[in-house]
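Chemist: Below are the sequence and a predicted model for it; my questions follow.
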Amino acid sequence: MAVPWNTTLWMAKMVWVALTGWIMACLAVADEIASSLRAGDIGPFHVMMWLWKENTYLFHDLILVAHSIHASP
């Protein structure tokens, strides 16, 4: 059974409103983080250093695999 056009357009409008709200929320959070970084309220995030210290062997293996892939003919 076909869906009436007004129902289809209403559903499309609701999806658009939801996506627009989600995008605006992400931009607002990114703006707040950037403003705080510029003002010096927060420092740089050291997530990668923590990952490196906790998973040194994993990163070492990944680097070896990457080198072997690029070295293969």
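Modeler: Sure thing, it's come through. Residues are numbered from 1 along each chain as shown.

Chemist: Residues contacting stretch 9-19, please?
Modeler: Where contact means C-beta atoms under 8 Å, 6 or more residues apart in numbering, no residue beyond stretch 9-19 reaches it. Backbone N, C-alpha and C define where each C-beta goes, glycine included.

Chemist: switch to numbering from 26
Modeler: Let's use 26 as the start, then, which means that last one is stretch 34-44.

Chemist: Now do the buried residues in that stretch.
Modeler: Using 16 or more other C-beta atoms under 10 Å as the burial criterion, none of the residues of stretch 34-44 qualify.

Chemist: any idea of the mean pLDDT for it?
Modeler: For stretch 34-44, mean pLDDT is 91.

Chemist: Give me the below-cutoff pLDDT ranges for this protein.
Modeler: For the chain, the stretches flagged by pLDDT under 70 are 26, 69-87, 89-90, 92-98.

Chemist: quick check: longest helix of it.
Modeler: helix 30-64 (DSSP state H).

Chemist: per-domain residue ranges of this structure.
Modeler: 26-67, 68-98 (automatic domain parsing).

Chemist: so residue 28, which of the three states?
Modeler: coil (DSSP: H, G, I helix; E, B strand; the rest coil).
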